[in-house]
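Participant: Sharing a model prediction with you, sequence too.
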Amino acid sequence: MPHRFVRRWGGLVAGCLLLGACASTLGREAPRQYALDSMSASCLKNPLYCATVSGREVATGPVQTVGAAVASAAAVGHALSPEMMTSIKAEMEKCADKARTEVLSRLKGTFEGLVPKEAECKSMTVDAQGRSVTWAIRLGLEMHEVALACAQAKLGELGLKFSLKPRYRINWETMEKSLISPEELAKLLRQGGEELKGTLEPDVVIHTGDPLLVLAVYDFKFRCVGFEREPGWRRYPVGHRYAGQLQGDIYQDAFGPEVHLIGPRKGMFW
(Lines give C-alpha, C1' and ligand atoms only; values in the text may rest on other atoms or scores of the structure.)
Protein backbone atom coordinates (compact mmCIF):
# COMPACT_ATOMS: atom_id res chain seq x y z
CA MET A 1 0.00 0.00 0.00
CA PRO A 2 1.44 3.46 -0.86
CA HIS A 3 3.23 5.11 2.04
CA ARG A 4 0.88 8.12 1.95
CA PHE A 5 -2.33 6.08 1.93
CA VAL A 6 -2.75 6.08 5.69
CA ARG A 7 -2.37 9.86 5.90
CA ARG A 8 -4.65 10.52 2.94
CA TRP A 9 -7.18 7.71 3.11
CA GLY A 10 -10.01 10.17 3.60
CA GLY A 11 -9.86 10.93 -0.14
CA LEU A 12 -7.13 10.87 -2.74
CA VAL A 13 -6.52 9.40 -6.19
CA ALA A 14 -8.32 9.39 -9.50
CA GLY A 15 -7.66 7.44 -12.65
CA CYS A 16 -7.57 8.46 -16.23
CA LEU A 17 -8.30 4.94 -17.27
CA LEU A 18 -10.53 2.38 -15.59
CA LEU A 19 -9.51 -1.20 -16.09
CA GLY A 20 -12.97 -2.20 -17.16
CA ALA A 21 -12.95 0.46 -19.85
CA CYS A 22 -9.55 -0.66 -21.08
CA ALA A 23 -10.44 -4.31 -21.19
CA SER A 24 -13.76 -3.78 -22.92
CA THR A 25 -12.19 -2.07 -25.91
CA LEU A 26 -11.37 -5.48 -27.31
CA GLY A 27 -15.07 -6.19 -27.66
CA ARG A 28 -17.57 -4.65 -29.98
CA GLU A 29 -19.06 -2.35 -27.38
CA ALA A 30 -17.20 0.49 -25.70
CA PRO A 31 -17.54 1.01 -21.94
CA ARG A 32 -20.70 2.77 -20.82
CA GLN A 33 -18.70 5.15 -18.64
CA TYR A 34 -15.50 6.70 -19.87
CA ALA A 35 -13.62 9.87 -18.99
CA LEU A 36 -12.72 12.41 -21.64
CA ASP A 37 -9.11 12.15 -20.43
CA SER A 38 -8.80 8.44 -21.30
CA MET A 39 -7.31 6.57 -24.26
CA SER A 40 -8.82 3.07 -23.90
CA ALA A 41 -5.99 0.75 -24.92
CA SER A 42 -4.82 2.89 -27.82
CA CYS A 43 -1.62 0.88 -27.78
CA LEU A 44 -3.55 -2.02 -29.27
CA LYS A 45 -4.30 0.16 -32.27
CA ASN A 46 -0.86 1.76 -32.36
CA PRO A 47 1.96 0.37 -30.15
CA LEU A 48 3.68 3.76 -30.45
CA TYR A 49 1.39 4.99 -27.68
CA CYS A 50 2.39 2.22 -25.29
CA ALA A 51 6.07 2.92 -24.95
CA THR A 52 8.58 4.93 -26.92
CA VAL A 53 12.00 6.30 -26.13
CA SER A 54 12.92 9.31 -28.25
CA GLY A 55 10.60 8.05 -30.95
CA ARG A 56 11.63 4.38 -30.71
CA GLU A 57 9.53 1.61 -29.21
CA VAL A 58 10.82 0.16 -25.97
CA ALA A 59 9.79 -2.32 -23.31
CA THR A 60 9.31 -5.14 -25.78
CA GLY A 61 11.65 -7.45 -23.89
CA PRO A 62 11.34 -9.02 -20.42
CA VAL A 63 9.65 -6.98 -17.71
CA GLN A 64 12.14 -4.92 -15.72
CA THR A 65 12.00 -4.33 -11.98
CA VAL A 66 13.88 -1.85 -9.83
CA GLY A 67 13.74 -0.83 -6.18
CA ALA A 68 12.48 2.65 -5.37
CA ALA A 69 15.67 3.65 -3.54
CA VAL A 70 17.86 2.62 -6.46
CA ALA A 71 15.56 4.30 -8.94
CA SER A 72 15.50 7.55 -6.97
CA ALA A 73 19.27 7.66 -6.62
CA ALA A 74 19.81 7.04 -10.32
CA ALA A 75 17.18 9.57 -11.33
CA VAL A 76 18.73 12.30 -9.16
CA GLY A 77 21.91 12.01 -11.20
CA HIS A 78 19.89 12.81 -14.33
CA ALA A 79 17.67 15.50 -12.81
CA LEU A 80 16.17 17.93 -15.29
CA SER A 81 17.14 21.58 -14.95
CA PRO A 82 14.46 24.14 -14.00
CA GLU A 83 14.82 25.64 -17.47
CA MET A 84 14.22 22.27 -19.13
CA MET A 85 11.22 21.59 -16.88
CA THR A 86 9.73 24.93 -17.92
CA SER A 87 10.34 24.14 -21.59
CA ILE A 88 8.77 20.69 -21.33
CA LYS A 89 5.64 22.00 -19.63
CA ALA A 90 5.27 24.78 -22.20
CA GLU A 91 5.52 22.29 -25.07
CA MET A 92 3.05 19.89 -23.46
CA GLU A 93 0.55 22.74 -23.01
CA LYS A 94 0.97 23.63 -26.68
CA CYS A 95 0.22 20.00 -27.52
CA ALA A 96 -2.96 20.11 -25.43
CA ASP A 97 -4.04 23.32 -27.20
CA LYS A 98 -3.26 21.76 -30.58
CA ALA A 99 -5.24 18.62 -29.74
CA ARG A 100 -8.37 20.49 -28.68
CA THR A 101 -8.22 22.90 -31.61
CA GLU A 102 -7.48 20.25 -34.24
CA VAL A 103 -10.17 17.81 -33.12
CA LEU A 104 -12.92 20.41 -32.70
CA SER A 105 -11.96 22.11 -35.98
CA ARG A 106 -12.44 18.95 -38.00
CA LEU A 107 -15.79 18.41 -36.29
CA LYS A 108 -16.99 21.96 -36.92
CA GLY A 109 -20.71 21.96 -37.63
CA THR A 110 -21.28 18.71 -35.74
CA PHE A 111 -22.41 20.46 -32.57
CA GLU A 112 -24.81 23.30 -31.96
CA GLY A 113 -21.94 25.60 -30.99
CA LEU A 114 -18.16 25.60 -31.33
CA VAL A 115 -17.90 23.15 -28.42
CA PRO A 116 -20.41 20.46 -27.43
CA LYS A 117 -22.91 21.10 -24.70
CA GLU A 118 -23.41 18.69 -21.82
CA ALA A 119 -26.29 16.88 -23.52
CA GLU A 120 -24.24 16.53 -26.70
CA CYS A 121 -21.30 15.11 -24.73
CA LYS A 122 -23.60 12.39 -23.38
CA SER A 123 -25.18 11.61 -26.74
CA MET A 124 -24.01 8.57 -28.70
CA THR A 125 -21.80 8.38 -31.77
CA VAL A 126 -19.43 5.86 -33.36
CA ASP A 127 -15.67 5.93 -32.85
CA ALA A 128 -12.92 5.11 -35.37
CA GLN A 129 -13.17 1.42 -34.52
CA GLY A 130 -16.90 1.30 -35.13
CA ARG A 131 -17.91 1.08 -31.47
CA SER A 132 -20.91 2.86 -30.03
CA VAL A 133 -19.58 5.51 -27.62
CA THR A 134 -20.56 8.88 -26.19
CA TRP A 135 -19.15 12.01 -27.76
CA ALA A 136 -17.18 12.55 -24.53
CA ILE A 137 -15.41 9.25 -25.10
CA ARG A 138 -14.76 9.87 -28.76
CA LEU A 139 -13.42 13.38 -28.22
CA GLY A 140 -11.19 12.15 -25.41
CA LEU A 141 -9.69 9.43 -27.59
CA GLU A 142 -9.11 11.74 -30.51
CA MET A 143 -7.67 14.60 -28.47
CA HIS A 144 -5.31 12.25 -26.66
CA GLU A 145 -4.15 10.78 -29.95
CA VAL A 146 -3.27 14.21 -31.33
CA ALA A 147 -1.65 15.33 -28.05
CA LEU A 148 0.55 12.23 -27.81
CA ALA A 149 1.72 12.50 -31.41
CA CYS A 150 2.57 16.15 -30.73
CA ALA A 151 4.38 15.22 -27.50
CA GLN A 152 6.48 12.64 -29.31
CA ALA A 153 7.64 15.23 -31.83
CA LYS A 154 8.29 17.99 -29.29
CA LEU A 155 10.17 15.82 -26.78
CA GLY A 156 12.25 14.34 -29.58
CA GLU A 157 13.24 17.86 -30.63
CA LEU A 158 14.31 18.57 -27.05
CA GLY A 159 16.55 15.49 -27.12
CA LEU A 160 14.79 13.85 -24.17
CA LYS A 161 14.30 10.18 -23.43
CA PHE A 162 10.66 9.43 -22.84
CA SER A 163 7.85 6.90 -23.00
CA LEU A 164 4.24 7.43 -24.07
CA LYS A 165 1.51 5.52 -22.25
CA PRO A 166 3.83 3.06 -20.45
CA ARG A 167 2.04 0.68 -18.09
CA TYR A 168 3.59 0.05 -14.65
CA ARG A 169 3.00 -2.46 -11.90
CA ILE A 170 3.73 -1.05 -8.46
CA ASN A 171 4.60 -3.14 -5.41
CA TRP A 172 3.43 -0.73 -2.72
CA GLU A 173 5.16 -2.68 0.07
CA THR A 174 8.64 -2.58 -1.47
CA MET A 175 7.97 0.42 -3.77
CA GLU A 176 9.39 -1.58 -6.67
CA LYS A 177 8.17 -0.80 -10.18
CA SER A 178 7.97 -3.13 -13.16
CA LEU A 179 7.15 -2.25 -16.74
CA ILE A 180 4.50 -4.11 -18.72
CA SER A 181 5.40 -4.46 -22.39
CA PRO A 182 2.84 -3.70 -25.13
CA GLU A 183 2.74 -7.41 -25.99
CA GLU A 184 2.05 -8.43 -22.40
CA LEU A 185 -0.55 -5.69 -22.06
CA ALA A 186 -2.39 -6.89 -25.15
CA LYS A 187 -2.30 -10.47 -23.86
CA LEU A 188 -3.61 -9.52 -20.42
CA LEU A 189 -6.41 -7.46 -21.96
CA ARG A 190 -7.44 -10.41 -24.12
CA GLN A 191 -7.55 -12.49 -20.94
CA GLY A 192 -9.94 -10.03 -19.33
CA GLY A 193 -7.46 -7.64 -17.70
CA GLU A 194 -7.78 -8.92 -14.13
CA GLU A 195 -4.00 -8.79 -13.59
CA LEU A 196 -3.95 -5.13 -14.64
CA LYS A 197 -5.96 -3.95 -11.65
CA GLY A 198 -4.02 -1.31 -9.77
CA THR A 199 -1.48 -0.74 -12.55
CA LEU A 200 -0.68 2.83 -13.60
CA GLU A 201 -0.50 4.29 -17.12
CA PRO A 202 0.64 7.94 -17.27
CA ASP A 203 0.47 9.67 -20.65
CA VAL A 204 4.06 10.93 -20.84
CA VAL A 205 7.04 9.77 -18.77
CA ILE A 206 10.42 11.51 -19.03
CA HIS A 207 13.21 9.20 -17.83
CA THR A 208 16.95 8.52 -17.87
CA GLY A 209 16.77 6.08 -20.76
CA ASP A 210 15.31 3.40 -18.50
CA PRO A 211 11.52 3.89 -18.14
CA LEU A 212 11.81 2.67 -14.54
CA LEU A 213 14.03 5.62 -13.63
CA VAL A 214 11.40 8.34 -13.86
CA LEU A 215 12.31 12.03 -13.93
CA ALA A 216 8.89 13.56 -14.61
CA VAL A 217 5.34 12.57 -15.49
CA TYR A 218 2.81 14.53 -17.58
CA ASP A 219 -0.84 13.57 -17.97
CA PHE A 220 -3.22 15.18 -20.49
CA LYS A 221 -6.74 16.08 -19.36
CA PHE A 222 -9.52 17.48 -21.53
CA ARG A 223 -13.02 18.60 -20.60
CA CYS A 224 -15.86 17.84 -22.97
CA VAL A 225 -17.84 20.87 -21.76
CA GLY A 226 -16.98 23.97 -19.78
CA PHE A 227 -13.65 24.86 -21.33
CA GLU A 228 -13.74 27.98 -19.18
CA ARG A 229 -12.58 25.74 -16.33
CA GLU A 230 -9.28 23.90 -16.41
CA PRO A 231 -9.53 20.12 -15.96
CA GLY A 232 -8.40 18.56 -12.71
CA TRP A 233 -7.28 15.20 -11.40
CA ARG A 234 -10.08 12.67 -11.16
CA ARG A 235 -10.95 10.46 -8.23
CA TYR A 236 -10.96 6.71 -8.66
CA PRO A 237 -14.51 5.35 -8.40
CA VAL A 238 -16.04 3.11 -5.77
CA GLY A 239 -14.84 -0.44 -6.25
CA HIS A 240 -11.45 0.55 -7.63
CA ARG A 241 -8.31 -0.40 -5.69
CA TYR A 242 -7.62 3.31 -5.14
CA ALA A 243 -11.26 4.27 -4.60
CA GLY A 244 -11.84 7.85 -3.47
CA GLN A 245 -8.27 8.96 -4.05
CA LEU A 246 -6.83 11.45 -6.52
CA GLN A 247 -4.91 10.10 -9.47
CA GLY A 248 -2.23 12.77 -9.11
CA ASP A 249 -1.47 11.72 -5.54
CA ILE A 250 -1.09 8.09 -6.52
CA TYR A 251 1.23 9.10 -9.36
CA GLN A 252 3.37 11.10 -6.94
CA ASP A 253 3.56 8.16 -4.56
CA ALA A 254 4.69 5.93 -7.42
CA PHE A 255 6.86 8.23 -9.53
CA GLY A 256 7.99 11.12 -7.32
CA PRO A 257 7.06 14.79 -6.97
CA GLU A 258 7.41 15.85 -10.62
CA VAL A 259 3.91 14.87 -11.70
CA HIS A 260 2.07 17.44 -13.81
CA LEU A 261 -1.49 17.71 -15.12
CA ILE A 262 -1.63 19.25 -18.59
CA GLY A 263 -4.80 20.76 -20.02
CA PRO A 264 -5.51 23.17 -22.90
CA ARG A 265 -5.07 26.82 -21.99
CA LYS A 266 -5.53 28.91 -25.12
CA GLY A 267 -6.18 28.76 -28.82
CA MET A 268 -9.44 28.11 -30.65
CA PHE A 269 -12.60 26.97 -28.88
CA TRP A 270 -11.56 28.21 -25.42
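Facilitator: All right, it came through fine. Note that the structure is predicted; figures quoted are calculated from it, not measured. Residues are numbered from 1 along each chain as shown.
Participant: Direction included, what does the longest strand along the chain pair up with?
Facilitator: Using DSSP state E, we find that the single longest strand of the chain is strand 214-220. Using DSSP bridges, the strands paired with strand 214-220 are strand 204-207 (antiparallel), strand 259-262 (parallel).
Participant: Pick the most deeply packed of those.
Facilitator: Ranked by mean neighbour count, the strands paired with strand 214-220 are led by strand 204-207 with a mean of 25 (mean count of other C-beta atoms under 10 Å). Heads up, the C-betas are built off the backbone N, CA and C, glycines and all.
Participant: pLDDT averaged over that one, what's the number?
Facilitator: Averaged across strand 204-207, the pLDDT comes to 96.
Participant: related to what we said a few turns ago, which secondary structure elements does whichever helix or strand comes after the longest strand of the chain contact?
Facilitator: Going down the chain from strand 214-220, the next helix or strand is helix 247-255, by DSSP states H and E. Counting contacts by 3 or more C-beta pairs under 8 Å, 6 or more residues apart in numbering; DSSP states H and E, helix 247-255 packs against strand 214-220, strand 259-262.
Participant: Recalculate using a threshold of 10 Å.
Facilitator: helix 5-8, helix 68-76, strand 167-171, strand 214-220, strand 259-262 (3 or more C-beta pairs under 10 Å, 6 or more residues apart in numbering; DSSP states H and E).
Participant: distance of Val126 from Leu104?
Facilitator: Distance, Val126 to Leu104, by C-beta to C-beta, to the nearest Å: 18 Å.
Participant: In terms of neighbours, single out the busier of the two.
Facilitator: Using other C-beta atoms under 10 Å, the more surrounded residue of Val126 and Leu104 is Leu104, with 21 against 11.
Participant: Verify the stated contact: that one with Pro116.
Facilitator: Yes: assessed by C-beta atoms under 10 Å, Leu104 is found in contact with Pro116 at 8.6 Å.
Participant: got any residues that touch both of those two?
Facilitator: By C-beta atoms under 10 Å, 6 or more residues apart in numbering, Leu104 and Pro116 have these common neighbours: Thr110, Leu139.
Participant: right, so of the strands paired with strand 214-220, which gets closest to Glu142?
Facilitator: Evaluated with C-beta to C-beta, the strands paired with strand 214-220 place strand 259-262 nearest to Glu142, the distance being 16.5 Å.
Participant: So the closest residue to Pro237 other than its chain neighbours versus Lys122, what's the distance?
Facilitator: For Pro237, ignoring the flanking residues on the chain, the nearest one in space by C-beta to C-beta, 6 or more residues apart in numbering is Ala243 at 6.5 Å. Distance from Ala243 to Lys122, counting by C-beta to C-beta: 24 Å.
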